[in-house]
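Participant: Next one to model:
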Amino acid sequence: MKRAVLPLLSLALGLSVLGAIHAPVAEPKPVRHTISSGAIARVLREVAALPSRGADRSSVMQRLRDEESGTYIGDILRERDSSLARWSGREDSPLSVWIQPQSPLDDFSNSYVNRVREAFEAWNDVDLPVQFAFVRDSAQAEVHVNWIDHFDEPISGRTRWARDDDWVITDANIILALHHNQGDLLDDDSMRAMAMHEIGHLLGLDHTTDSLSIMAPKVRVRQLSSADRATARLLYALPTGPLPGLPH
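Facilitator: Down below sits the predicted model:
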């Protein structure tokens, strides 16, 4: 199977570069979870209007109807032109993760490594068909996490992944900043939250307009929301690539 080798920032052609803005913790305003209904309804209408393409199409439609409530899968479909990318199921073979254990950067703390491990473990607890296991040798890792002092843009984390022609993610890297681009040092709780956000991107999630979820562009929460969990589970229950029957 050919793997896409593509320039930076070319999500449509197979490479994704995603970042998150960190903002100080603030009490987010509750939002109604209707963010995906319009996009899902559009998808269902377009699929239903096309000639039948068999069980695949009907099963995807049924899954969306049954499970889209309480998720932000519609945000992802909208951002990805009704296409989905994720890792293939790895129930018996966890993704190997290497976290850079030391750094000469000023203000680096070993506690950051522990917070990032906790972030991966939080996603492990979601019980997806993809799990993470830590390795000490970077050469044996499929996922690498490295440190940077700060980004020039107003972000504190960035995830880059590559996919093959079937929209299956094949490898990924996460870079986390110790400082906001304006100079403030991230505390341990902020680092853990930023890591959870970037791991969400690594899994194939995109940003949501729901400020109560870890995948909001500005990370204001410190735990995975029920919508984060439900969206990830639905993503890993649907096929990769363009949804069956949709024009692209």
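Participant: What count of nearby residues applies to the closest residue to residue 182 other than its chain neighbours?
Facilitator: Nearest-residue entry for residue 182: residue 154, 7.8 Å, with adjacent residues in sequence omitted and distances by C-beta to C-beta, 6 or more residues apart in numbering. (C-beta placed from N, C-alpha, C; glycine too.) Applying other C-beta atoms under 10 Å, we find 13 other residues in the vicinity of residue 154.
Participant: now swap in the one 4 residues further on and tell me
Facilitator: Counted with other C-beta under 10 Å, the neighbours of residue 158 add up to 19.
Participant: so which helix or strand takes in it?
Facilitator: For residue 158, the element it lies in under DSSP states H and E is strand 157-163.
Participant: Paired strands for that strand, with orientation please.
Facilitator: Each strand that strand 157-163 pairs with, and the sense of that pairing, follows from DSSP bridges: strand 15-22 (antiparallel), strand 169-177 (antiparallel).
Participant: Need the CA coordinates for stretch 135-145. CSV is fine.
Facilitator: Only the C-alpha atoms of stretch 135-145 are listed here, as CSV (Å, rounded to 0.1, in the frame of the first residue of the first chain):
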residue,chain,number,x,y,z
VAL,A,135,9.0,2.7,24.9
ARG,A,136,12.4,3.9,25.9
ASP,A,137,14.0,3.7,22.5
SER,A,138,12.9,6.4,20.1
ALA,A,139,13.9,4.2,17.1
GLN,A,140,11.2,1.7,18.2
ALA,A,141,8.4,4.3,18.5
GLU,A,142,5.6,5.0,16.1
VAL,A,143,4.7,8.2,17.9
HIS,A,144,7.3,10.7,19.1
VAL,A,145,6.7,13.6,21.6
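Participant: buried residues in it?
Facilitator: Along stretch 135-145, the positions that meet the burial threshold by neighbour count (16 or more other C-beta atoms under 10 Å) are 141, 142, 143, 144, 145.
Participant: hang on, the earlier thing: tell me, which of the strands paired with strand 157-163 is the model least confident about?
Facilitator: Mean pLDDT is lowest for strand 15-22 among the strands paired with strand 157-163, at a mean of 58.
Participant: what about residue 232, distance to residue 200?
Facilitator: Spatial separation of residue 232 from residue 200 under the definition C-beta to C-beta, to the nearest Å is 7 Å.
Participant: residues shared between the contacts of these two?
Facilitator: Shared between the contact lists of residue 232 and residue 200 (criterion: C-beta atoms under 8 Å, 6 or more residues apart in numbering) are residues residue 123.
Participant: ok, so of the buried residues of stretch 135-145, who is nearest residue 177?
Facilitator: Of all those, the one sitting nearest residue 177 is residue 145; the distance, using C-beta to C-beta, is 12.0 Å.
Participant: Pull out the buried residues from stretch 94-109.
Facilitator: 95, 96, 97, 98, 99, 100, 103.
Participant: scratch that, stretch 206-220
Facilitator: Neighbour-count burial for stretch 206-220, with 16+ other C-beta under 10 Å as criterion, is recorded at 206-208, 210-217, 219-220.
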